[in-house]
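> A structural model of the following input is requested.
(chains A and B)
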Number of protein chains: 2
Amino acid sequence: MSAWVLPDHIADVLPSEARHIEELRRDLLDKARCYGYELVMPPMLEHLESLLTGTGEALDLQTFKLVDQLSGRMMGLRADTTPQVARIDAHLLNRVGVTRLCYCGPVLHTRPDKPHATREPLQFGAEIYGHVGPEADLEALLLALDCLKVAQVERPSVDLGDARIVHALLTATGAGAALRQQIQTALMAKDASELASLSKGLPDAPRQGLLALVGLYGDAKVLIEARRVLPALAKIHAALDNLAWLAGHLDGGPVSFDLADLRGYAYYTGARFSIYAPRASDALVRGGRYDEVGAVFGRNRPAAGFSLDIKAVVGAVAPRALHAAIRAPWGEQAALRQAVAAMRAQGHTVVCILPGHESEVDEFHCDRELVQVAGQWVVQTL
Amino acid sequence: MSAWVLPDHIADVLPSEARHIEELRRDLLDKARCYGYELVMPPMLEHLESLLTGTGEALDLQTFKLVDQLSGRMMGLRADTTPQVARIDAHLLNRVGVTRLCYCGPVLHTRPDKPHATREPLQFGAEIYGHVGPEADLEALLLALDCLKVAQVERPSVDLGDARIVHALLTATGAGAALRQQIQTALMAKDASELASLSKGLPDAPRQGLLALVGLYGDAKVLIEARRVLPALAKIHAALDNLAWLAGHLDGGPVSFDLADLRGYAYYTGARFSIYAPRASDALVRGGRYDEVGAVFGRNRPAAGFSLDIKAVVGAVAPRALHAAIRAPWGEQAALRQAVAAMRAQGHTVVCILPGHESEVDEFHCDRELVQVAGQWVVQTL
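Numbers count the residues shown, from 1 in each chain, chains lettered A, B, ... in the order given. Below is the predicted model of the structure:
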């Protein structure tokens, strides 16, 4: 096989797309910063137990494993950054109050999530620790929407759910771990007949609730219907109140609900949101509350946040216009070199044409040229 | 062992340093852009033979290896980005003329380079393909110096060498590959007695040249001395002329020469440079000419460039001042939310104090506060 063939679902990013990704990366980090989120950079590699304890089997299967030559221990390449940021909050910063953190960097997956997915997403995310109330969930959701706005994603729509609803129903059934897992899989697939068959023999009230969940998706009427058909458990009502409060603070953008939604990471413990856009086949953002994610690091702080793949977002929006550049000849004269340096210091791109390459096609879009007129170097339109 | 202990030579980057790294990352990419270098993003993972063919044993030992579950083939985590960028130039872009490319991303090493080195440098670099003349080497060197200037590295000094000098002498000795390797190791260590012992029995003229190389480092007198003591081989004289030309175009900054220098990557084929600074224990930048690096991808283009580790540069300069932020209360009133959004849209960081957290210490340096005065939300100095 040829040396230049890349592995499946792994790709180079070439200049025009790379520029778009880099610009968006900056916009997103600046947006998070202006909300007060501090940047952290966790490593690509960690001991396997730091990366994977408490994060679920799906993430384990997605994680590349390596032996550390220095210690002989197993390390993993991060497949998700959230557990790392929870570790930083719990141990390195160890603050008492609210802590807001953001990050941006590659994650690697052993297998693609979806048929056309990359195995190397560029994950950007933000997390808020230390506040148990819904204001933290709302802030994460509003920041995520602001991020999609700066990315020029058109007509984003928010889909809300709450992990506590499924959990409360499953707990009320008294089902064992293996059966709970099977029921969750059927719920994710909205497979009503499989669900009916699996739940045979479980107590009737929570069983009817689970069966009803499959149909509980759509607009705000879903919340009213849920109060009618789901068992009157305190946790379920708290979750429904919370969802209504969140939806009421979204300033009128399109909101839907999916009370059976369990997609994304296994660590969600409360409200959860996905944001979709017309040009994207899957959710561009997933987020929510994951109060347990720091527990393995000895500090069970309330936490909410979201993450997105910048490459996926760039794939769902129109390309950005390239900036134009200035052509300049190569030369040893001090006046020419100073003119080039001055234009660059002003932020212009100046491409020097090296000797012998005068007739080559410019790869940059050069719309101006540095030329000598009456002894002075000046910029002229091409 | 505790779940939060990181592997040796792997570290989290916490907020103040992460901010500095991010700012420098942008400054360096902008600097490369204004010289006309287009950004590319090669993947973290490639098939092992793409990453390692022709790049030498040292890089092989530095590279983490993994099995691709999708194909069963061996993959490597990049330990250096230059071979990837050469592949992109050779195959993906496949341009006839001069191509300028830059990149920035993590690389991973199985073992640290030096006792206190990280195994996860953040490598930034720039490469110019398609020009055989010294103007390309000079452009790479001037861009590297400009990058250190924008990073606020004080008093950088350039050390120049040329891989052709050692190669020409070794070729003239007729020594076999194993002996050449041993001689190169002795040269790198400037071990004159080992070199004398290894070279016993080799032809006298190139042997005397190799022995002389150990002492050929220092200021511009080195080039004069080299012409006197090294054999009068055409390649050696071309290399010395080239070094004199480069040094003459550096606008008076401190320049030294080390004609036995073979450090850094094995792929250098011509002029090579290292840039040092008083606060850094090792070279901050290594670069030079590596015309052969694309050969394995079927396209042997002239190439010159450099790379640096942004983390190492940040470690060698003074910390940057943190930007101050504005404190704001959390509230549902439209006027407050609009005031917060307006300040953020102007680029200010506004930290909302969530309900119940009013008495916590701000982690951001908040020097202003959003307060309501006569029904209006205004920013006041704290």
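> Which residue is the nearest non-sequential neighbour of the most centrally placed residue in chain A?
Nearest to the geometric centre of chain A sits residue A:308, at 1.6 Å (Cα atoms, centre = their mean). Counting by Cβ to Cβ, 6 or more residues apart in numbering or on different chains, residue A:308 lies nearest to residue A:285, which is 4.6 Å off, once chain neighbours are set aside. The C-beta positions use only the backbone N, C-alpha and C, and glycine is treated the same way.
> so who does that neighbour touch?
When contacts are counted by Cβ atoms under 8 Å, 6 or more residues apart in numbering or on different chains, residue A:285 touches A:144, A:147, A:148, A:273, A:274, A:275, A:306, A:307, A:308.
> just to revisit the earlier point, who are the neighbours in contact with the residue nearest to the centre of chain A?
Contacts of residue A:308 by Cβ under 8 Å, 6+ apart are A:123, A:124, A:125, A:144, A:147, A:284, A:285, A:286.
> So which of those belong to strands?
Per DSSP state E, strands hold the following members of these: A:123, A:124, A:125, A:285, A:286.
> Longest helix in chain A, please.
helix A:15-34 (DSSP state H).
> Run the chain-centre distance for the very next helix or strand once past that one.
Using DSSP states H and E, the next helix or strand after helix A:15-34 towards the C-terminus is strand A:38-39. Relative to the chain's own centre, strand A:38-39 is displaced by 16 Å; criterion: Cα atoms, centre = their mean, to the nearest Å.
> What strands flank strand A:38-39, and is each parallel or antiparallel?
Note on strand A:38-39: by DSSP bridges, its sheet partners are strand A:99-106 (parallel).
> pLDDT on the partner strand, on average?
The average of the pLDDT scores along strand A:99-106 is 97.
> Tell me what the residue nearest to residue A:373 when sequence neighbours are not counted is bridged to.
Among residues not flanking residue A:373 along the chain, residue A:380 sits closest, at 7.8 Å (Cβ to Cβ, 6+ apart). Beta-bridge pairing for residue A:380 (DSSP bridges): residue A:369.
> ok, whatever helix or strand residue A:257 lives in: who's next to it in the sheet?
Secondary structure from DSSP H and E places residue A:257 in strand A:255-258. Strand A:255-258 sits in its sheet next to strand A:157-162 (parallel), strand A:217-218 (antiparallel), going by DSSP bridges.
> With respect to burial, which of these scores highest?
strand A:157-162 (a mean of 22; mean count of other Cβ atoms under 10 Å in any protein chain shown).
> May I have that strand as PDB, with CA atoms only?
This file holds the C-alpha atoms of strand A:157-162, laid out as PDB (Å, rounded to 0.1, in the frame of the first residue of the first chain):
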ATOM      1  CA  SER A 157     -32.800  24.000  17.400                       C
ATOM      2  CA  VAL A 158     -32.500  22.800  20.900                       C
ATOM      3  CA  ASP A 159     -33.700  19.400  22.000                       C
ATOM      4  CA  LEU A 160     -34.000  18.900  25.800                       C
ATOM      5  CA  GLY A 161     -34.200  15.800  27.900                       C
ATOM      6  CA  ASP A 162     -33.400  14.700  31.500                       C
END
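> for it, what is the average pLDDT?
Strand A:157-162 shows a mean pLDDT of 96.
> what's downstream of it, the next helix or strand?
Downstream of strand A:157-162 (by DSSP H and E), the next one is helix A:163-173.
> any low-confidence regions in chain A?
Scanning chain A for pLDDT under 70 picks out A:1-3, A:264-266.
> Show me the one in the ones in strands among the contacts of residue A:308 that has more neighbours than the rest.
With neighbours taken as other Cβ atoms under 10 Å in any protein chain shown, the top of the ones in strands among the contacts of residue A:308 is residue A:285, carrying 29 neighbours.
> Contact distance from chain B - what residues of the stretch 151-300 of chain A qualify?
A:249, A:296, A:297, A:298 (Cβ under 8 Å from any Cβ of the partner chain).
> ok, and the most crowded of those?
residue A:297 (22 neighbours).
> contacting residues for residue A:227?
By Cβ under 8 Å, 6+ apart, residue A:227 lies in contact with A:237, A:240.
> if we can go back for a sec, tell me the one of the ones in strands among the contacts of residue A:308 nearest residue B:104?
The shortest gap between residue B:104 and any of the ones in strands among the contacts of residue A:308 belongs to residue A:124, at 15.8 Å (Cβ to Cβ).
> ok, residues contacting the strand holding residue A:257?
A:157-161, A:216-220, A:222-223, A:243, A:247.
> before we move on, the earlier item: which members of the ones in strands among the contacts of residue A:308 are the farthest-apart pair?
A:124 and A:286 (12.2 Å).
> Quick check: neighbours shared by the two?
Contacts common to residue A:124 and residue A:286, judged by Cβ under 8 Å, 6+ apart, are A:307, A:308.
> Looks like residue A:160 contacts residue A:273 (just checking).
Yes: under the criterion of Cβ atoms under 8 Å, residue A:160 makes contact with residue A:273 at 5.4 Å.
> Overlap in contacts, these two.
residue A:246.
> Can you show me the helices along the stretch 1-150 of chain A?
A:15-34, A:48-52, A:57-62, A:82-87, A:134-150 (DSSP state H, counting those that start in this stretch).
> Can you report how many residues lie near residue A:149?
Counted with other Cβ under 10 Å, residue A:149 comes out at 13.
> Please name the residues that touch it.
Per Cβ under 8 Å, 6+ apart, neighbours of residue A:149: residue A:156.
> Give me the distance between it and residue B:95.
Using Cβ to Cβ, to the nearest Å, one gets 37 Å for the distance from residue A:149 to residue B:95.
> swap in residue A:305?
For residue A:305 relative to residue B:95 (Cβ to Cβ), the value is 43 Å.
> Let me know the secondary structure of residue A:364.
Here residue A:364 is coil, with the state taken from DSSP: H, G, I helix; E, B strand; the rest coil.
> Not counting sequence-adjacent ones, nearest residue to it?
Nearest non-adjacent residue to residue A:364 (Cβ to Cβ, 6+ apart): residue A:325, at 4.0 Å.
> If the nearest residue to residue A:126 once chain neighbours are set aside is in a bridge, with which residues?
For residue A:126, ignoring the flanking residues on the chain, the nearest one in space by Cβ to Cβ, 6+ apart is residue A:102 at 4.2 Å. For residue A:102, the beta-bridge partners are residue A:39, residue A:126 (DSSP bridges).
> so residue A:102 sits right up against residue A:33, yeah?
Yes: counting by Cβ under 8 Å, residue A:102 touches residue A:33, with 7.5 Å between them.
> between the two, which one's more packed in?
Between residue A:102 and residue A:33, counting by other Cβ under 10 Å, residue A:102 is the more crowded of the two (27 against 23).
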